[in-house]
Each structure stands twice: as structure tokens, then as C-alpha cells.
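Student: Sharing a model that was predicted from the sequence below.
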Amino acid sequence: GPKIARSSCRRVLCCSLLALAVQRSPAVASRPRSRACRQPNSGKVKTGPERPSMTPPSGAYSVRPTVVADISPLGEVLDDTQLFPSAMLPGMVGGYLQGPGDESGDDLWCTCHQDGVPIGFGYAAQEKLAQGTWNFLALAVSPSKQNRGAGTAMLQHVEQVLRSRGQRVLIVETSSSSDYDKTQQFYRRNGFVLEARVREFWGAGEDKLVFWKSLGD
């Protein structure tokens with residue numbers, strides 16, 4: 001995954017995440033979750049022969065929906081990357097964990113495991129006033145595991161889930177600062193295009209860049 005810059009360069013994701021932490025306070029998180037975006041054809045599904053369970057080979061990545069047991073090790077990932085304070089994580093993911101747990105709600109949290117150990121997470125949320133548009137708000141990978149494909153694995157997982165639900169667009173907001181050159185390159189490599197620039201959004205001489213990707217075929 002892309003290397004995440006430290007300390008003073010956190011505001012690109014922190015501003016959005018801090019706002020979301022307030023929006024997803026316990027009072028808000030406890031509200032009934034929308035079912036409008038449930039995966040279609042959620043009734044009976046024709047399946048093939050049952051396959052035996054398989055353990056991923058050593059070193060392979062496994063991306064799954066985030067669960068309560070992931071919070072503590074992901075807090076360590078946050079402490080190492082300084083993406084945002086790890087103390088915020090339980091409150092931010094709490095609403096998702098109270099939901100159905102089948103990635104059918106209006107936000108998605110996924111955890112990347114390697115050899116059974118959580119090494120990173122991704123977070124995307126639906127844009128409330130748009131139809132089928134999602135914002136990929138956070139991506140963090142343990143520094144010792146970066147640039148080895150974990151970030152790409154989580155991004156692809158989110159895209160696959162959203163496509164299966166008939167969603168249309170995924171966007172990412174980042175900074176024009178040279179500290180985020182690798183972040184920009186990461187999303188370009190994964191099929192995103194620069195759709196918009198808001199001049200000096202983050203500060204003097206630092207623009208907000210909005211990358212866009214269609215989830216259609």
C-alpha cells in the first residue's frame with residue numbers, strides 16, 4: 001500500500017475522519033442502519049458443490065470485514081502510522097460493528113490479515129446525498145508491511161463489494177503536497193483519475209485533489 005506521511009501531513013484524512021468520528025458518536029451509531037443498499041438477490045442463491053475450507057498460504061493476504069477482535073491490533077497500526085489517534089478507532093467503527101456484519105450498510109470497514117495477524121485496514125462510506133457514490137476515506141498499513149500489496153488488496157476488496165451491490169462511483173480525496181506523491185501514484189495505478197482540484201483547500205499552496213473511479217463494467 002502507499003506509504004503514509006507522518007505528523008503534520010495528517011490533515012488530509014484526519015479532517016474527514018475527525019468529522020466522521022463526531023457523526024458516528026454513540027448516539028448516532030445506535031440508530032437503525034439503512035437497508036436501501038442491500039445486495040440484490042439476497043434471497044435464495046444457487047450454489048455449487050461445497051468446497052473444503054483452505055488455509056491461506058504463509059505470507060498471503062486475507063481481507064475480511066473488520067470485527068471487534070481487530071480493534072486492538074489495528075490500534076497499534078494507527079500508532080505506528082499516525083494516521084489518526086488510535087483512541088478514536090473504537091468510536092468510529094462502533095456503528096459498523098453494531099450492524100449486520102455482512103457489508104450491506106452505508107459504510108465499509110475491512111481488515112487485511114497476514115498469517116492471521118491484522119496489518120491494516122480500509123474504510124469507505126457512502127455519500128449521503130448521492131446515488132451509488134462512495135468515498136474511500138482511510139487506508140492504513142503497518143509501516144513494515146507497506147509497498148507489498150496490502151493496500152491494493154484492501155482497495156480491491158472494497159471495490160468488489162461495492163460492485164456486487166450495484167454501486168457506481170468511488171472517490172478519494174487527498175493533497176497536492178509532494179508528501180502525497182506516492183499516494184497519488186497508488187490511486188492512479190489502481191485505475192483512478194484526477195477528477196477535481198480545489199485550490200488551497202488544505203492550506204496556502206496545498207490543494208485538495210479528488211480522484212475518481214467508475215465501478216461499472
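Tutor: Ah, there it is.

Student: lowest average confidence, helix or strand, in this protein?
Tutor: The weakest-scoring helix or strand in the chain, judged by mean pLDDT, DSSP states H and E, is helix 26-29 (a mean of 28).

Student: Next secondary structure element downstream of that helix?
Tutor: strand 61-65 (DSSP states H and E).

Student: looking at this, residue 140 is in a helix?
Tutor: No. Counting by DSSP: H, G, I helix; E, B strand; the rest coil, residue 140 is not found in a helix; it is strand.

Student: which residues sit in contact with it?
Tutor: 4, 74, 77, 78, 81, 83, 120, 121 (C-beta atoms under 8 Å, 6 or more residues apart in numbering). In short, each C-beta sits where N, CA and C put it, glycine included.

Student: any idea how far it lies from residue 167?
Tutor: Note on residue 140: its distance to residue 167, by C-beta to C-beta, to the nearest Å, is 23 Å.

Student: before we move on, what about residue 177?
Tutor: Note on residue 177: its distance to residue 167, by C-beta to C-beta, is 30 Å.

Student: Likewise for residue 61?
Tutor: 23 Å.

Student: could you point out which element follows the longest helix seen in the chain?
Tutor: In the chain, taking DSSP state H as the definition, the longest helix is helix 150-164. Once helix 150-164 ends, the next helix or strand along the chain (criterion: DSSP H and E) is strand 169-175.

Student: quick check, distance from that following strand to the centre of its chain.
Tutor: Centroid displacement of strand 169-175 relative to its chain, using C-alpha atoms, centre = their mean, to the nearest Å, is 11 Å.

Student: now swap in stretch 199-212 and tell me
Tutor: How far stretch 199-212 lies from its chain's middle: 21 Å, per C-alpha atoms, centre = their mean.

Student: what about residue 182, neighbour count?
Tutor: 15 (other C-beta atoms under 10 Å).

Student: ok but it is inside a helix, no?
Tutor: Yes. Looking at residue 182 with three-state DSSP, it is inside a helix.

Student: With residue 174 as the reference, measure out to it.
Tutor: From residue 182 over to residue 174 the distance is 11 Å, taken as C-beta to C-beta.

Student: Please produce CSV containing the contacts of residue 140, extended by pLDDT.
Tutor: Formatted as CSV, the contacts of residue 140 follow (pLDDT from 0 to 100):
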residue, pLDDT
4, 40
74, 98
77, 97
78, 97
81, 94
83, 92
120, 98
121, 98
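
Student: out of these, which are inside strands?
Tutor: Using DSSP state E, the subset of these located in strands is 120, 121.

Student: Narrow the contacts of residue 140 to those in helices?
Tutor: 74, 77, 78, 81.

Student: Identify the residues contacting the third one.
Tutor: Residue 78 is in contact with 84, 85, 86, 89, 140, counting by C-beta under 8 Å, 6+ apart.

Student: gap between it and residue 201?
Tutor: Here the criterion is C-beta to C-beta. By it, residue 78 lies 24 Å from residue 201.

Student: Residue 69: neighbouring residues, count only.
Tutor: Counted with other C-beta under 10 Å, residue 69 comes out at 10.

Student: meant to ask about residue 203, not that
Tutor: 10.

Student: burial count for the nearest residue to residue 145 once chain neighbours are set aside?
Tutor: Nearest non-adjacent residue to residue 145, counting by C-beta to C-beta, 6 or more residues apart in numbering: residue 119, 4.7 Å away. Look at residue 119: counted by other C-beta under 10 Å, it has 23 neighbours.
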